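Undergrad: Fold the stuff below for me.
(one chain, ligands or ions: 1)
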Amino acid sequence: MTTVRKIRKAVLPVAGLGTRFLPATKAVPKEMLTVVDKPVVQYVVEEAMAAGIEHFVFVTGRNKGVIEDHFDIQTELEATLRERGRTAELAVLEDMLPQAGATSFTRQQAPLGLGHAVWCARDIVGDEPFALLLPDMVMRDTVGCLSGMVDLYEKVGGNIVAVAECDPEQAHRYGIVGKGEALDGGFRITEMVEKPPKGTAPSNYYINGRYILQPEIFNILSSQERGAGNEIQVTDAMLKLADRQAFSAYPFGGETYDCGSKEGFILANVAFALSRDDIRPLVADGLRKLIADG
Ligand code: G1P
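TA: Residues are numbered from 1 along each chain as shown. Purely as a prediction, here's the structure:
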């Protein structure tokens, strides 16, 4: 096992406007839309908690205050639940609560891209490797995606990017990596390209929204020019860091739902509903009927 510094902090960029989900996201942040009964962002925080993350850095924007409230106690609600003896609901609230002092919130101020959002977390993260989790992407598996990445990181060190395979027709929507030498639990990344034009992707391994990055990325991001979509891209900065440091891919074996798209969000709701014993029978029955009726 390589000696590596523990991944203690996670960065969650939550500043996006969510225009694809208007009017739902007019007053409610897209990260607070629910998959069954939990906001999207909570799935991602729970995945990070399960991987041993101790501090959550949210890069937010205007109108996102409710995310901060969601990860705080709600005194009146809890008092009422206690009075009414609703212990199960109280436990649900307790389990999801990060420790006091384990969250930080900073604002991106201007929508300059994912790379800029990550750079906004530089002072809070400081000089240590960190996890980056994009809350649009919700994962489903018995072992969380970030936990699997931490295992690989402990073996090979450096920087780790989670990947999944996509339909080659969809590769232009994502960051794509080139596949190199096999590792125990992953492979070396040979190249990275953000949103390659159709027909030019080096593989169909797309970056599915989870990263373990070394802090040197911040310095590169501070002077990173705009790339795809005229935005500052984290993929472009990673490509520069790859000149000096190793990048390995963790092929995620579970399901990834892109909750930034309507189809992905709806599929996530269906998939998580079907994995819940309490609601599966009625939902499965209803779905069967809907599909049979065409
Ligand atoms: C971002 C990343 C991209 C990644 C994607 C996953 O793109 O830049 O590399 O594949 O997230 O969702 P965005 O979705 O912000 O356009």
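
Undergrad: What ranges does the stretch 151-294 of the chain have for its strands?
TA: 159-165, 175-183, 186-194, 205-213, 247-251, 255-258 (DSSP state E, counting those that start in this stretch).

Undergrad: Deepest-packed of those strands, please.
TA: strand 205-213 (a mean of 25; mean count of other CB atoms under 10 Å). From N, CA and C alone the C-beta is placed, and that goes for glycine too.

Undergrad: Which other helices and strands does it contact?
TA: Packing partners of strand 205-213 (3 or more CB pairs under 8 Å, 6 or more residues apart in numbering; DSSP states H and E): strand 130-133, strand 137-140, helix 145-156, strand 159-165, strand 175-183, helix 234-241, strand 247-251.

Undergrad: Just tell me which of the ones you listed ends up closest to the ligand.
TA: strand 175-183 (2.3 Å; CB to the nearest ligand atom).

Undergrad: For the closest one, what is the distance to the chain centroid?
TA: Remark: strand 175-183 is offset 20 Å from the chain centroid, using CA atoms, centre = their mean, to the nearest Å.

Undergrad: Thought K195 was touching G229, still the case?
TA: Yes - contact criterion CB atoms under 8 Å: G229 and K195 qualify, at 7.0 Å.

Undergrad: Those two: who's more crowded?
TA: K195 (16 against 11; other CB atoms under 10 Å).

Undergrad: Which residue, other than its chain neighbours, is closest to the more buried one?
TA: In this structure, K195 finds its nearest non-sequential neighbour in A228, 4.2 Å apart by CB to CB, 6 or more residues apart in numbering.

Undergrad: What about the one you found, how many residues nearby?
TA: 16.

Undergrad: so it makes contact with P197?
TA: No - counting by CB under 8 Å, A228 sits too far from P197 to count as a contact (9.7 Å).

Undergrad: Go ahead and confirm A121 touches T106.
TA: Yes - at 6.5 Å, A121 counts as touching T106 under the criterion of CB under 8 Å.
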